[in-house]
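Student: Give me a 3D structure for the following:
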Amino acid sequence: AMAHVIVKEDLYNRDFVATRTEGFSQYVESLEEKTPEWAAVITGVPAADIRRAARTYAKAGAAAMYWGMGISQSTHGTDNTLTLTNLALMCGHVGRPGTGLNPLRGQNNVQGCSDAGGLPNVYTTYQPVTDDDVRRKFEETWMAPLSGEPGLTVTEMVDGILTGQVHGWYVMGENPLMSEPNLRHAQHAVEQLEFFVAQDIFFNETNVYADVILPAASFAEKDGTFTNSDRRVQRCRAAVQPPGIARADWAIISDLARRCVRRLGKSSDSVTKRADRLIDQWSYPDASAVWEEMRQVTPDFYGITYERLEREGGVHWPCPSSDHPGTPYLFAEDFPSGRGKFWPVDYGTESELPNDDYPFILSTGRVLYHWHGGTMTRVSALDAIWPECTVELHPHDAARLGLETGDWVDLTSRRGTITARLLVTGRSPEGTVFIPFHFAEAAANVLTDNRLDERAKIPDYKVCGVRISSATAFPDYDGANTSLTDRGTIKDPVPV
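Tutor: Okay, here's the model as predicted:
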């Protein structure tokens, strides 16, 4: 609807659209019926506000978009992101200082993890596994054949366990039995694993099922690099030594790899010689050696050495040579395929919607004081501030149900039920329930749907149908008998 206004009022950047983009005319045709009035009915945002936002964004000399993970956590997450891309392209808010599209990552170094190839379909800096030349380069470096087929996402791995495609798990720094959708399904799958290794700094709900737990080092106990969301690579230095037998992730992986190679390399002399070479390759002296290997197979990292990071404090990739200054913003001159492409997007969803049995929409997210599955934040000081899960419900909905703040309720979806206390607040739109996903005692993902965005393979955490009823039994934990509004900062309005 914002794009509709920008086109109708001739506010788009004609020069940028003509010289840097393609597909604009088809995109404009798709906007004809997408008026602010149409969008107001769907979103509840007044048409006048939509028009004002469109004009403000289009007329700005430079404007940048920032969004959280909720944009992509639905069956139509890719389309959500494409609509934002279309807006930036039509206004020319790309490739200049103060502009751009900026998806905010969940925590520090998620960007660095992705850049290092921590995704199932790419190697470092998004070199596709399906590219024969790219794959050959990595095969030569790693001295091993590599598949040309993309791997599985975590949610796909869960299903793969039950179909016999996946037999073992090696989980590092993750708590899938809090973070995966449809938790009962995920738990059932994990129970079928033949072998499960967990590598982490804290014991969590998933580690209960592990056959082996390898104690790892925290960010303050290891050396390496972090990469910000703006692609700035920076050094990370250990402040203290890891406790006990805990070690840095790279050291654990290297040691395990060498042991595997020794076990597998005893069948013949030729295999033994190859095993010896692999053992040498896995004998990294420190984290900088791992970075150096990654740099050699990653053109975008060629110019970023540890020495340079120490000297300059941080470098933005792409940085293809030692004399390259780095790239603080992308697409200044062109796009990866030459021109930026407009994508017509239809309104609609494959998400699970409310019906008579499940009349409310459930959306999940965070409160200020905790993080995701709570592994890092369910500590006494933070629990004292926000100690339990709350079911946020609009006052009109609460009145219709005869419920009020502090009542224990059962929240039920097609997949399960959790019990928590109600927080009546105007922050939740009518017909919508919000709960945080930090609390194992009322785990939000017991309720969520495990259907995926077919392109991005991201689960639908933000929409499913639920019903609310007075609880028939109450949890037994410290504070459960204390008034909800006397616990920490839980009150309306909710602090932000």
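
Student: so what's residue 214 closest to, chain neighbours aside?
Tutor: In space, and not counting its chain neighbours, residue 214 is closest to residue 199: 4.3 Å by C-beta to C-beta, 6 or more residues apart in numbering. Any C-beta I mention is one placed from the backbone N, CA and C, and that applies to glycine too.

Student: List the residues that contact that neighbour.
Tutor: 170, 171, 172, 173, 213, 214, 215, 216, 249, 252 (C-beta atoms under 8 Å, 6 or more residues apart in numbering).

Student: Please determine how far the nearest residue to residue 320 once chain neighbours are set aside is located from residue 450.
Tutor: Sequence neighbours aside, residue 302 is the residue nearest to residue 320 in space, at 5.2 Å (criterion: C-beta to C-beta, 6+ apart). Separation of residue 302 from residue 450 (C-beta to C-beta, to the nearest Å) stands at 40 Å.

Student: Same drill for these two, tell me which one is more crowded.
Tutor: Ranked by neighbour count (other C-beta atoms under 10 Å), residue 302 and residue 450 place residue 450 first, with 20 against 17.

Student: Doesn't that one belong to a strand?
Tutor: Yes. Assessed with DSSP: H, G, I helix; E, B strand; the rest coil, residue 450 lies in a strand.

Student: Now do the contacts for it.
Tutor: Shown in contact with residue 450 (C-beta under 8 Å, 6+ apart): 155, 158, 180, 181, 182, 185, 186, 459, 460.

Student: Low-confidence regions, this structure specifically.
Tutor: Low-confidence segments of the chain, defined by pLDDT under 70: 265-271, 493-496.

Student: Apply 80 and report the result again.
Tutor: 106, 264-275, 472-480, 491-496 (pLDDT under 80).

Student: In terms of helices and strands, where is residue 303?
Tutor: Under the criterion DSSP states H and E, no helix or strand holds residue 303.

Student: show me the contacts for it.
Tutor: Residue 303 makes contacts with 315, 319, 320, 321, 322, 323, 324, 326, as judged by C-beta under 8 Å, 6+ apart.

Student: what about the fourth one, neighbour count?
Tutor: To tie it back to what came earlier, the one meant is residue 321. Using other C-beta under 10 Å, residue 321 has 8 other residues around it.

Student: So the nearest residue to it once chain neighbours are set aside versus residue 116, what's the distance?
Tutor: Spatial nearest neighbour of residue 321, excluding adjacent residues (C-beta to C-beta, 6+ apart): residue 303 at 4.7 Å. Distance from residue 303 to residue 116, counting by C-beta to C-beta: 17 Å.

Student: what does the domain assignment say about this protein?
Tutor: Residue ranges for each domain of the chain read 2-99, 110-316, 360-486, as given by automatic domain parsing.

Student: Which among those is found nearest to residue 342?
Tutor: domain 2-99 (3.8 Å; C-beta to C-beta).

Student: In space, what's closest to residue 373 - neighbours in sequence excluded?
Tutor: residue 178 (3.2 Å).

Student: tell me the contacts of that neighbour?
Tutor: If you count contacts by C-beta under 8 Å, 6+ apart, then residue 178 has 204, 205, 206, 372, 373, 374, 375, 437, 440, 443, 445 around it.

Student: want to throw those into TSV with secondary structure, distance to residue 165 and neighbour count?
Tutor: TSV is the format used below for the contacts of residue 178 (DSSP: H, G, I helix; E, B strand; the rest coil; distance: C-beta to C-beta, whole Å; neighbours: other C-beta atoms under 10 Å):
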residue	secondary structure	distance to residue 165	neighbour count
204	coil	25	24
205	coil	24	18
206	coil	20	24
372	coil	27	17
373	coil	25	25
374	coil	30	22
375	coil	27	22
437	coil	27	22
440	helix	28	16
443	coil	26	23
445	helix	22	26
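
Student: any idea which of these is closest to residue 47?
Tutor: Nearest to residue 47 among the contacts of residue 178: residue 437, at 33.1 Å, using C-beta to C-beta.

Student: Would you quantify the distance from the closest one to residue 388?
Tutor: 13 Å.

Student: Surely the residue nearest to residue 373 is within a helix?
Tutor: Yes. Under the criterion used here (three-state DSSP), residue 178 sits inside a helix.

Student: From residue 169, how far out is it?
Tutor: Between residue 178 and residue 169 the computed distance is 15 Å (C-beta to C-beta).

Student: Same question for residue 319.
Tutor: As judged by C-beta to C-beta, residue 319 and residue 169 stand 35 Å apart.

Student: same thing with residue 153?
Tutor: In terms of C-beta to C-beta, residue 153 sits 13 Å off from residue 169.

Student: Those two - which one has more neighbours?
Tutor: With other C-beta under 10 Å as the criterion, residue 153 and residue 169 differ in neighbour count, and residue 169 comes out ahead with 23 against 18.

Student: for that one, what are its contacts?
Tutor: 157, 161, 190, 193, 195, 196, 197.

Student: Which of those fall within helices?
Tutor: 157, 161, 190 (DSSP state H).

Student: these two touch, right, the second one and residue 190?
Tutor: Which is residue 161. Yes. Under the criterion of C-beta atoms under 8 Å, residue 161 makes contact with residue 190 at 7.2 Å.

Student: which residues in the stretch 151-300 of the chain form strands?
Tutor: In the stretch 151-300 of the chain, the segments counted as strands under DSSP state E, counting those that start in this stretch are 168-172, 195-200, 212-215, 224-227, 232-236.

Student: Pipe the ones you listed into JSON lines and attach distance to residue 403 per row.
Tutor: Converted to JSON lines, the strands of the stretch 151-300 of the chain look like this (distance: least, C-beta to C-beta, whole Å):
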{"stretch": "strand 168-172", "distance to residue 403": "39"}
{"stretch": "strand 195-200", "distance to residue 403": "39"}
{"stretch": "strand 212-215", "distance to residue 403": "42"}
{"stretch": "strand 224-227", "distance to residue 403": "45"}
{"stretch": "strand 232-236", "distance to residue 403": "48"}
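
Student: ranking those strands by burial, who's on top?
Tutor: Ranked by mean neighbour count under mean count of other C-beta atoms under 10 Å, the strands of the stretch 151-300 of the chain are led by strand 224-227, which reaches a mean of 20.

Student: roughly how far apart are the closest residue to residue 100 other than its chain neighbours and residue 329?
Tutor: In space, and not counting its chain neighbours, residue 100 is closest to residue 64: 5.1 Å by C-beta to C-beta, 6+ apart. In this view, residue 64 and residue 329 are 10 Å apart by C-beta to C-beta.

Student: Between the two, which contacts overlap?
Tutor: Common neighbours of residue 64 and residue 329, using C-beta under 8 Å, 6+ apart, are 99, 100.

Student: returning to that earlier point: switch the contacts of residue 169 over to CSV; also include distance to residue 38.
Tutor: Compiled in CSV, those are given as follows (distance: C-beta to C-beta, whole Å):
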residue, distance to residue 38
157, 40
161, 43
190, 44
193, 48
195, 53
196, 49
197, 52
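
Student: Closest one of these to residue 25?
Tutor: Once C-beta to C-beta is applied, the member of the contacts of residue 169 that ends up nearest residue 25 is residue 157, at 42.2 Å.

Student: Tell me which stretches of the stretch 251-400 of the chain form helices.
Tutor: Using DSSP state H, counting those that start in this stretch, the helices of the stretch 251-400 of the chain run over residues 269-281, 287-296, 306-312, 380-385, 395-401.
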